[in-house]
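Engineer: Next input, structure requested:
(chains A and B)
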Amino acid sequence: MIAIVDYGAGNLNSVKKAFDHLSVTIVVTDRPEILASADKIVFPGVGHFSSLRNLDRTGMGKALLQAASTGKPLLGICLGMQWLFEGSEECDEIAGAGIFPGKCRQFPSSVKSPHVGWNSVTVKEGSRLLRGIAQNSFVYYTHSFHAPLVAEATAVTEYGLQFAGAVERGNIFGVQFHPEKSGNAGLSILKNFCEV
Amino acid sequence: MLTKRIIACLDMDGGRVVKGVRFKNLRDAGHPAECAAAHARSGADEIVLLDITATSANRNTLLDAVRSTAHSLFVPFTVGGGIRQLDDAAAVFDAGADKIAINSAAVRDPALIGKIAGRFGSQAVVVAIDARKTGSGFEVYVSGGRVPTGRDAVEWAREAAACGAGEILLTSMDRDGTQSGFDCELVRATAGAVSIPVIASGGAGSARDFIEVFGEGRADAALAASIFHFGLENIAELKRELHDAGIPVRWPC
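Structural biologist: Got it, this is the predicted structure:
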């Protein structure tokens, strides 16, 4: 069973629908004890970094860290990936999980923000999450802040600068793009996560 | 490299996809779920479903159509028509839309943009603007293009962006359904005035029109309906032509 973290922001329907399409049993939850009993966790997210404040209120933040530390597979999507870093310029007073180093920052003024649309990814060899994804595949992005290009980046995208489109360390995965909205490439990535 | 998006638009009337010329003379073009799936397979980067005759009476028709269309669609899906308040938007998101488009209601109450963006994020709020050329500029029309507002389209786009809109869907009423090319002047003026993406709409007839609106018009995305429904131009074929012309597009996809 895969648990999808509900923290009261945005719309989780499309993520749920994509897993339904893959015939995976999922549960959408805001309860820490459900996370503890899940085989894998998906932490989706759209919206403002400050909405992550809800994680503390419900005890889900602690439950997520606990699950990650035990090696339970965790996939952060969009804001969920940004949470894996130390924080974001979008809301300085909220700390991220600090699993990956650095802070999420705004795009340079040379490009329009938000970054919206299909952009290509340079895929690093050996990624378990991106297994079988062709080099320069297109995925759908919609975000105003981006994660730094850390050593654990498994996909790199260029928009005004190079940023981490995906990160991976052990069983912890993050994607800045929306696999649930990225056509067949996105579905393959979600399927890979199910099979981790 | 960020690509230019090709968006297939389904104008819906009473649960069926229709297409007219200058918002009139509607012809049947199929069921929304089938049309959307076919367009996505053909390479559409996004799907927009607009309930063009939205009234509170056909609210359920819209939600049913959204649900069945969203069910196996894995590209971004925008729904517009008849969304007047936050609760309407919430119901459409709940039925499976990724973004909502608001037009008349946003003109009437610009704060609605911020209310929806505050709950679902700016990326989920598209402000649709129907504009017609006047002597000196472009005027905003509401209620499906029937009511002039006296407002300047570029100014309104700027205000909508400041209120929290994530994208502008800009339709030239003069070009809609005519297949005589996008209104590059309108699109360029708007794209230069806002930092959010501008989707050009109205007038698509050939690959050349898309090349112009992405180049000269500076559009981030372009939307079309009739040329796709009636097979005048297959999206995959269009994308190949754009790619060959040096326009960055998601191709092959």
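Engineer: what's downstream of the lowest-mean-pLDDT helix or strand in chain A, the next helix or strand?
Structural biologist: Among the helical and strand segments of chain A, the one scoring lowest on mean pLDDT, DSSP states H and E is helix A:53-58, with a mean of 86. Moving toward the C-terminus from helix A:53-58, the next helix or strand (DSSP states H and E) is helix A:60-69.
Engineer: The next helix or strand after that following helix packs against which elements?
Structural biologist: Sequence order places strand A:74-77 as the next helix or strand after helix A:60-69, per DSSP H and E. On a contact count with 3 or more CB pairs under 8 Å, 6 or more residues apart in numbering or on different chains; DSSP states H and E, strand A:74-77 meets strand A:40-43, helix A:60-69, strand A:172-175. In short, each C-beta sits where N, CA and C put it, glycine included.
Engineer: how far is the following helix or strand past strand A:74-77 from where the chain is centred?
Structural biologist: Using DSSP H and E, the helix or strand that follows strand A:74-77 in sequence is helix A:79-83. Here the centre of helix A:79-83 is set off from its chain's centre by 5 Å, with CA atoms, centre = their mean, to the nearest Å.
Engineer: Dump the C-alpha coordinates for helix A:79-83 into PDB.
Structural biologist: Extracted as PDB, the C-alpha positions of helix A:79-83 are listed here (Å, rounded to 0.1, in the frame of the first residue of the first chain):
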ATOM      1  CA  LEU A  79       6.900  21.100  -3.300                       C
ATOM      2  CA  GLY A  80       7.300  17.600  -1.800                       C
ATOM      3  CA  MET A  81      10.800  17.500  -3.400                       C
ATOM      4  CA  GLN A  82      11.600  21.000  -2.200                       C
ATOM      5  CA  TRP A  83      10.800  19.900   1.300                       C
END
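Engineer: Do the very next helix or strand once past that helix and chain B come into contact?
Structural biologist: Remark: after helix A:79-83, the chain's next helix or strand is strand A:87-88, criterion DSSP H and E. No. Against chain B, strand A:87-88 shows no contacts by CB under 8 Å from any CB of the partner chain, the least distance being 14.5 Å.
Engineer: Following strand A:87-88 in sequence, what is the next regular element?
Structural biologist: strand A:103-106.
Engineer: Just give me the neighbour total for B:Arg146.
Structural biologist: For B:Arg146, the tally of surrounding residues (other CB atoms under 10 Å in any protein chain shown) stands at 10.
Engineer: So what touches the least confident helix or strand of chain A?
Structural biologist: Under the contact criterion CB atoms under 8 Å, 6 or more residues apart in numbering or on different chains, helix A:53-58 has outside partners A:Tyr7, A:Gly8, A:Ala9, A:Asp30, A:Arg31, A:Pro32, A:Met60, A:Gly61, A:Leu64, A:Trp83, A:Ile94.
Engineer: The first one should be in a helix, yeah?
Structural biologist: No. Under DSSP: H, G, I helix; E, B strand; the rest coil, A:Tyr7 sits outside any helix and is assigned coil.
Engineer: Confirm for me that it is in contact with A:Ala63.
Structural biologist: No. If you go by CB atoms under 8 Å, A:Tyr7 and A:Ala63 don't touch, sitting 11.3 Å apart.
Engineer: May I see the buried residues of stretch A:165-180?
Structural biologist: Going by neighbour count (16 or more other CB atoms under 10 Å in any protein chain shown), the buried part of stretch A:165-180 is A:165-168, A:171-180.
Engineer: do the same with stretch A:62-72
Structural biologist: Result for stretch A:62-72 [16+ other CB under 10 Å]: buried residues A:Ala63, A:Leu64, A:Ala67, A:Ala68, A:Lys72.
Engineer: where does the stretch 1-150 of chain B dip in pLDDT?
Structural biologist: B:20-25, B:55-58 (pLDDT under 70).
Engineer: any chance you could map the helices in it?
Structural biologist: B:32-42, B:59-70, B:86-94, B:104-108, B:111-120 (DSSP state H, counting those that start in this stretch).
Engineer: and the angle from the last one to helix B:86-94?
Structural biologist: Read it as helix B:111-120. 40 degrees (axes from the mean of the first three to the mean of the last three CA atoms, to 10 degrees).
Engineer: check whether helix B:111-120 contacts chain A.
Structural biologist: Yes. Using CB under 8 Å from any CB, we find that helix B:111-120 touches chain A at B:Arg119, B:Phe120.
Engineer: got the contact list for the closest residue to B:Ser122 other than its chain neighbours?
Structural biologist: Nearest non-adjacent residue to B:Ser122, counting by CB to CB, 6 or more residues apart in numbering or on different chains: B:Gly166, 4.1 Å away. Under the criterion of CB under 8 Å, 6+ apart, the neighbours of B:Gly166 are A:114, A:116, A:142, B:99, B:117, B:121-126, B:196-197.
Engineer: Can you add distance to B:Gly43 and neighbour count and give these back as CSV?
Structural biologist: Shown next, in CSV, are the contacts of B:Gly166 (distance: CB to CB, whole Å; neighbours: other CB atoms under 10 Å in any protein chain shown):
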residue, distance to B:Gly43, neighbour count
A:Pro114, 23, 20
A:Val116, 18, 22
A:Thr142, 19, 24
B:Lys99, 20, 27
B:Ala117, 30, 20
B:Gly121, 27, 26
B:Ser122, 27, 25
B:Gln123, 22, 24
B:Ala124, 24, 24
B:Val125, 26, 29
B:Val126, 21, 26
B:Ile196, 24, 24
B:Pro197, 19, 22
